[in-house]
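Engineer: Next come a sequence and a model predicted from it.
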Amino acid sequence: MIRKLLVLTCALMISTALLAKSGDREYEVTITNITKGQTFTPFLATTHHAGLSLFELGAASSAELATLAESGNIAPLREVLDSASDWVQQTNTNGALLFPGDSVTIAISGSNRFDHLSVAAMLIPTNDAFVAINGLPLPKDYSVTYAQAYDAGSEANDELCSNIPGPFCGDPDDSGDAGEGYVYVGNGVHGIGDLDASEFDWNNPVARVVVRRIK
């Protein structure tokens with residue numbers, strides 16, 4: 001059975017002390033923004049057990065994922081993951097915006113037990129779109145994956161700058177109306193509000209993710 005992040009709160013009852021990890025391996029995760037006009041907020045990367053999932057298509061997002069998708073704030077989701085020591089080996093972040101055509105590399109460790117990788121970041125400017133890889137098996141040596149953009153379904157896609165964070169819209173504090181209520185594959189920018197579709201629209205995939213084992 002797929003274990004969603006929504007049920008991970010039970011892991012907060014487990015000791016937060018780090019468990020001994022067997023067969024540790026080191027990886028470099030290189031993410032390239034392949035959109036024309038979307039910028040990615042700092043990525044959250046995590047290595048974890050195969051049974052963990054950041055989200056499930058067609059189901060409501062967790063509050064922590066919705067926060068990431070609406071504001072780019074990874075702290076709540078990272079706190080939940082770091083507390084779930086039975087499920088998660090490590091989290092890490094690049095800590096900076098990733099502009100179109102640019103790449104960033106994040107170092108992270110995995111092991112025999114925690115042998116899957118997930119990454120996520122917000123797309124700006126959008127209401128609640130995010131780029132993610134959700135449970136990629138860590139490679140023996142090297143892998144290339146193309147990541148899609150998703151919509152958290154937590155905020156209406158009005159494309160109004162009053163409801164969109166980031167430098168393009170002046171970092172407003174307001175959040176918009178409730179969205180569709182479930183996570184789905186992102187369908188781009190349509191120019192219905194303040195965003196110019198010719199500048200900010202995208203087609204999936206939106207990122208190239210190269211995972212390389214270095215140790």
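Structural biologist: That came through fine. All values reported here derive from a predicted model rather than from experimental measurement. Numbers count the residues shown, from 1 in each chain.

Engineer: now E79, what's its secondary structure?
Structural biologist: Taking DSSP: H, G, I helix; E, B strand; the rest coil as the rule, one finds E79 in the helix state.

Engineer: Chain neighbours aside, what residue packs nearest to it?
Structural biologist: The spatially closest residue to E79, leaving aside those adjacent along the chain, is E64, at 7.8 Å (CB to CB, 6 or more residues apart in numbering). (Each C-beta comes from the backbone N, C-alpha and C, glycine too.)

Engineer: cool, and L195?
Structural biologist: By the measure of CB to CB, 6+ apart, the closest residue to L195 outside its immediate chain neighbours is E159, 4.5 Å from it.

Engineer: Check G181 too.
Structural biologist: Excluding its sequence neighbours, the residue lying closest to G181 (CB to CB, 6+ apart) is G153, at 5.4 Å.

Engineer: Quick one: neighbours of the one you found, just the number.
Structural biologist: Other residues near G153 come to 22 when the count uses other CB atoms under 10 Å.

Engineer: T145 is in what secondary structure piece?
Structural biologist: When secondary structure is defined using DSSP states H and E, the element that contains T145 is strand 142-151.

Engineer: quick one, what contacts the residue most central in space within the chain?
Structural biologist: For the chain, the residue lying nearest the average C-alpha position, counting by CA atoms, centre = their mean, turns out to be A120 (1.2 Å). Shown in contact with A120 (CB atoms under 8 Å, 6 or more residues apart in numbering): 43-44, 54, 65, 68, 74, 77, 130-133.

Engineer: Just those residues: which are in helices?
Structural biologist: Counted as lying in helices by DSSP state H, out of the contacts of A120, are 65, 68, 77.

Engineer: any idea how far the first one is from I108?
Structural biologist: Right, L65. Between L65 and I108 the computed distance is 19 Å (CB to CB, to the nearest Å).

Engineer: I figured G188 hits D201, correct?
Structural biologist: Yes. Distance between G188 and D201: 4.6 Å, which falls inside the contact criterion (CB atoms under 8 Å).

Engineer: Show me what V131 bridges to in the sheet.
Structural biologist: Under DSSP bridges, the beta-bridge partners of V131 are A121, A149.

Engineer: so the residue nearest to D102 when sequence neighbours are not counted bridges to which residues?
Structural biologist: Distances taken as CB to CB, 6+ apart put N33 closest to D102, at 5.7 Å, once the chain neighbours are dropped. When bridges are assigned using DSSP bridges, the partners listed for N33 are A207.

Engineer: So which residues of the chain form helices?
Structural biologist: Using DSSP H, helices in the chain cover 63-71, 75-83, 197-200.

Engineer: Pick the most buried one from those.
Structural biologist: Comparing the helices of the chain on average neighbours per residue, with mean count of other CB atoms under 10 Å, the densest one is helix 63-71 at a mean of 24.

Engineer: Quick check: mean pLDDT of that helix?
Structural biologist: For helix 63-71, the mean pLDDT works out to 97.

Engineer: Report all helices and strands that it contacts.
Structural biologist: Contact here means 3 or more CB pairs under 8 Å, 6 or more residues apart in numbering; DSSP states H and E; on that basis helix 63-71 packs against helix 75-83, strand 116-124, strand 129-137.
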